[in-house]
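Novice: pasting the sequence and the predicted coordinates here, then a few questions.
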Amino acid sequence: MIQIEEIVLRELRLPLREPFRISSGVITDRRIFLLQLRDADGSTGWSECVAFDRPIYSPDTIDTAWLAITEWVSPRVLGHAFSHPCEVFPVLERDFRGHLMAKAAVEMGVWVVAAERAGTPLARLLGGTRSQIEAGISLGIEQSPEALARKAELALAQGYRKVKLKIEPGADIAYVTAVREALGPDAPLMADANNAYTLADADHLARLDGLGLIMIEQPLAWDDLVQHAELQRRLATPICLDESITSRDRAHDMITLGAGRVVNVKPGRVGGFASSLAIHDLCRMHGVPVWCGGMLESGIGRAANVALASLPGFTKPGDVSPSARYWARDIVTPEWTMSADGMVDVPLDRPGLGVDVDVGRIDDLTVRTSVLRAR
Ligand code: OSB
Ligand code: MG
């Protein structure tokens with residue numbers, strides 16, 4: 001039995017080494033939202049709520065997630081006994097719409113506590129089978145095609161097994177072409193538009209077909225499936241859905257409609273690990289590859305992603321860069337690193353997240369705290 005008695009919410013500021021620009025906005029100072037859960041026996045687990053400060057990716061924000069966790073999520077978990085962390089998500093979904101990143105943060109924290117209690121690495125508790133995962137890099141929109149091509153060359157030289165380019169109208173064909181020419185015909189390249197296009201751009205997007213992309217991620221609206229299906233019929237490049245896949249049901253709809261051929265799974269976006277596992281299992285059954293995306297997480301959220309990416313259906317490199325790419329200094333030890341051939345080790349030598357959380361440094365960076373307890 002797992003019974004969570006206390007959840008401590010904290011917000012910290014962690015400046016990104018470089019601003020990260022996607023079509024819908026730019027992220028500079030990352031506001032980081034951390035949770036520390038404690039159960040009745042004193043086992044603790046950390047988790048990260050991956051929402052941004054503004055709703056530029058999904059409707060969730062740090063402030064709405066803080067409210068949702070305080071008012072509606074934590075009361076359904078605190079003081080309640082669960083025999084397995086899989087039982088948490090259904091309890092959070094009952095008569096409670098949306099707020100998936102808030103639900104995910106708590107649900108994933110319960111998984112971490114359960115792994116700690118069982119003396120099992122989180123990756124193993126989730127059903128992970130790999131001891132290393134393949135790393136890809138996601139490159140933000142740059143000032144010029146040349147600037148982007150230089151970054152992409154560097155990424156390939158560092159060993160990354162996939163290079164993802166953020167695109168938007170005005171920063172697409174010329175940018176991807178410059179990178180393709182710099183990297184050569186065989187380099188594993190893809191693009192991510194974060195909803196910057198409409199179906200009216202189908203002919204324009206079809207020009208990407210000549211550039212050998214492994215996939216194009218979420219070109220159309222953040223909550224669309226039907227128009228993506230129409231676009232997929234007009235593109236040779238496989239569409240990968242990110243924002244639109246918020247549940248196993250939406251993944252099923254994607255498959256039924258032919259709205260995409262690949263899924264980027266982010267546990268925060270879909271409500272946590274149980275939902276991620278359901279999407280993984282469904283996609284695997286249908287032969288649809290999945291891979292683990294990123295949300296510019298600190299080392300705590302990254303640990304969750306690495307554990308998830310160790311499952312067998314995660315057959316393409318994730319958006320998982322080492323700590324040093326994002327931060328001057330991460331809040332975990334050891335920091336996340338990548339080998340020269342683009343692999344990240346799944347920590348399997350210890351229970352839980354597999355990294356030490358630097359509580360002293362977190363204390364120094366914390367700008368607000370709230371302690372929630374079972375009543
Ligand atoms: O769409 O995957 C995305 C970052 C911010 C918002 C949306 C996305 C991303 C990334 C970054 O691609 C991935 C990472 O954490 O490195
Ligand atoms: Mg994306």
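Specialist: Okay, I see it. Residues are numbered from 1 along each chain as shown. Ligands and ions are numbered 1, 2, ... in the order given.
Novice: any idea how far the spatially closest residue to L241 that is not a sequence neighbour is from ligand 1?
Specialist: Here the nearest residue to L241 in space, its sequence neighbours aside, is G260; by C-beta to C-beta, 6 or more residues apart in numbering that works out to 4.1 Å. Any C-beta I mention is one placed from the backbone N, CA and C, and that applies to glycine too. Spatial separation of G260 from ligand 1 under the definition C-beta to the nearest ligand atom, to the nearest Å is 14 Å.
Novice: ok, G260 - contacts?
Specialist: By C-beta atoms under 8 Å, 6 or more residues apart in numbering, the residues touching G260 are H228, Q232, P238, I239, C240, L241, S244, M254.
Novice: which of those residues fall within strands?
Specialist: Cross-referencing these against strands under DSSP state E gives I239, C240, L241.
Novice: so the second one versus ligand 2, what's the distance?
Specialist: Translated: C240. C240 sits 8 Å away from ligand 2, going by C-beta to the ion, to the nearest Å.
Novice: check V88 too.
Specialist: Counting by C-beta to the ion, the gap between V88 and ligand 2 amounts to 26 Å.
Novice: before we move on, the earlier item: looking at the contacts of G260, which is nearest P185?
Specialist: Of all the contacts of G260, the one sitting nearest P185 is P238; the distance, using C-beta to C-beta, is 17.8 Å.
Novice: got phi/psi on the closest one?
Specialist: Here is the backbone geometry of P238 (degrees, to the nearest 10): phi -60, psi 140.
Novice: could you point out the longest strand in this structure?
Specialist: Among all segments of the chain classified by DSSP E, the strand with the greatest residue count is strand 2-22.
Novice: doesn't L225 make contact with R250?
Specialist: Yes - applying C-beta atoms under 8 Å as the test, R250 and L225 come out as touching, 7.1 Å apart.
Novice: shared neighbours, those two?
Specialist: Each of S244 lies in contact with both R250 and L225 under the rule C-beta under 8 Å, 6+ apart.
Novice: which SS state does N264 fall under?
Specialist: Per DSSP: H, G, I helix; E, B strand; the rest coil, the local secondary structure of N264 is strand.
Novice: ok, the helix or strand just after the longest strand of the chain: who's next to it in the sheet?
Specialist: Next along the chain after strand 2-22, taking DSSP states H and E as the criterion, comes strand 25-39. Using DSSP bridges, the strands paired with strand 25-39 are strand 2-22 (antiparallel), strand 44-49 (antiparallel).
Novice: now the longest one: buried residues?
Specialist: For strand 2-22, the neighbour count (16 or more other C-beta atoms under 10 Å) marks 2-4, 6-12, 14, 16, 20-22 as buried.
Novice: now do the contacts for the closest residue to A328 other than its chain neighbours.
Specialist: Distances taken as C-beta to C-beta, 6+ apart put R17 closest to A328, at 6.3 Å, once the chain neighbours are dropped. Residues touching R17, when contacts are defined by C-beta under 8 Å, 6+ apart, comprise R325, Y326, W327, A328.
Novice: which of these are buried? Put it as a ChimeraX command.
Specialist: Selection of the buried residues among these in ChimeraX, burial being defined by 16+ other C-beta under 10 Å:
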select :325,326,327
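Novice: I'd like the contacts of R17 as CSV, with distance to T70 and pLDDT appended.
Specialist: Rendered in CSV, the data for the contacts of R17 read as follows (distance: C-beta to C-beta, whole Å; pLDDT from 0 to 100):
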residue, distance to T70, pLDDT
R325, 32, 96
Y326, 28, 96
W327, 27, 96
A328, 31, 95
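Novice: farthest pair within the contacts of R17?
Specialist: Comparing every pair within the contacts of R17 by C-beta to C-beta identifies R325 and A328 as the most remote, at 11.0 Å.
Novice: distance of the residue nearest to L241 from A123?
Specialist: 26 Å (C-beta to C-beta, to the nearest Å).
Novice: quick one on the thing from earlier: ok, and which of the buried residues of strand 2-22 reach ligand 1?
Specialist: Subset of the buried residues of strand 2-22 in contact with ligand 1: I22, counting by C-beta under 6 Å from any ligand atom.
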